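Show me how the following folds:
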Amino acid sequence: MNGTKKFVTLGSNNLLVSQLGIGCMGMSEFYGSTDDNESIRTIHRAYELGVNHFDTANCYGFGHNEQLLAKAIKSLDRDKLVIATKCGIERRAEDPTFLDVDNNPQYIKKCCEDSLKRLDVEYIDLFYLHRINPATPLEDSMQAMSELVQAGKIRNIGLSEVSAKTIAKANAIHQITAVQSEYSLWSRDVEKEVLPLCKSLSIGFVAFSPLGNGFLSGKIKNTDTLNSDDMRQVLPRFKTENLAHNLQIVSAIEEIASAKSCTPAQVALAWILAQGDHITAIPGTKRISHLEENMNAGDVKLSAYDLEKLCTTIPAGFAKGSRTLEGLEKFANN
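Next up is the predicted model:
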């Protein structure tokens, strides 16, 4: 294990991140049982391997995820870390079914203060608007974010799951450092407008769920082995009527992985990293074994032929079923 091989500058504000970061969400919920101690060991191992980019959000585990990350980074060099968190999605521990998107300036600032306390840090490196609710004027939300930068509470502004139109509008108000959206071999919507615009505006792109909620690893052939509280039990792409079709995507990845003597997950990540120098990925994991497998994706070299074969075998829009949870669909790509 040589560690992460490459660092990428997100945006034009010299925010240097490891090309592969860590999505911490699953350490708190959504993917079955969790173990805080194991998660902390995984974060420490990631740091040892050169990972500096750790992604969380105020709503993951109703605040637990930020508190977990705080414990993990307490013994690490803060100056070497890029801590990314988010605001905008509102959930309530007393009512787990409640889900809304609030971009009100007062709520944004309250979320920032709460995140700073939970993370136990003096500033947040990258603060995202998690989703956009058109009910609040974008100008008002961006003004609040800008004021947080001016106050030194956050250092960079990000947007998550937004349209090209929103990116351009927001960037004209205040410089956007990074845009985060789902991007993988089964979710390629951003290729048409978002990725080209980010490149032209010198905005970094962070791909979340680059392994398609673990599906592209080839380790999930059906949902029988998943816990009852695993969100993949309800994600449309994992439903029986869509799964058989979507397994064709895995077969195409496995074919190249076999030829390269690597794992399907490594091929899927190598494909993402081959899409542009301004693109990074934050595969989520809570286990050291998966972390180490992911980090070695940087050693996988996909030829022009490999890349072309993957893109033609798995064209944009090939996957069946919505990629997101019910309730968030209306807030995606606003």
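
which residues in the stretch 1-150 of the chain form strands?
Using DSSP state E, counting those that start in this stretch, the strands of the stretch 1-150 of the chain run over 7-10, 15-18, 22-23, 53-55, 82-87, 89-92, 95-101, 126-129.

what's the closest of these to residue 199?
strand 7-10 (12.3 Å; C-beta to C-beta). For glycine as for every other residue, the C-beta is placed from the backbone atoms N, C-alpha and C.

Quick check: phi and psi on the residue nearest the centre of the chain?
Among the residues of the chain, the one closest to the centroid is residue 208, at 2.6 Å (C-alpha atoms, centre = their mean). Note on residue 208: backbone dihedrals following degrees, to the nearest 10 are phi -100, psi 160.

Show the pLDDT at it.
Residue 208 is assigned a predicted lDDT (pLDDT) of 97.

again, but for residue 327
Residue 327 is assigned 59 on the pLDDT scale.

just residue 201 next, same as before
97.

correct me, but it touches residue 167?
Yes. Using C-beta atoms under 8 Å, residue 201 makes contact with residue 167 at a distance of 7.3 Å.

Common neighbours of those two, please.
Shared contacts of residue 201 and residue 167, defined by C-beta atoms under 8 Å, 6 or more residues apart in numbering, comprise residue 176.

Quick check: the residue nearest to the centre of the chain vs residue 23, distance?
6 Å (C-beta to C-beta, to the nearest Å).

what does residue 220 give?
Note on residue 220: its distance to residue 23, by C-beta to C-beta, is 17 Å.

More neighbours: which of these two?
The neighbour count for residue 220 versus residue 23, taken as other C-beta atoms under 10 Å, is higher for residue 23 (26 against 20).

how about the strands in the stretch 151-300 of the chain?
Counting by DSSP E, counting those that start in this stretch, the strands of the stretch 151-300 of the chain are 157-160, 178-182, 204-208, 279-281.

Nearest to residue 18 among those would be which one?
strand 279-281 (7.6 Å).

and the closest one, what does it pack onto?
The contact analysis (3 or more C-beta pairs under 8 Å, 6 or more residues apart in numbering; DSSP states H and E) places strand 279-281 against strand 7-10, strand 204-208, helix 264-273.

All good on my end, thank you.
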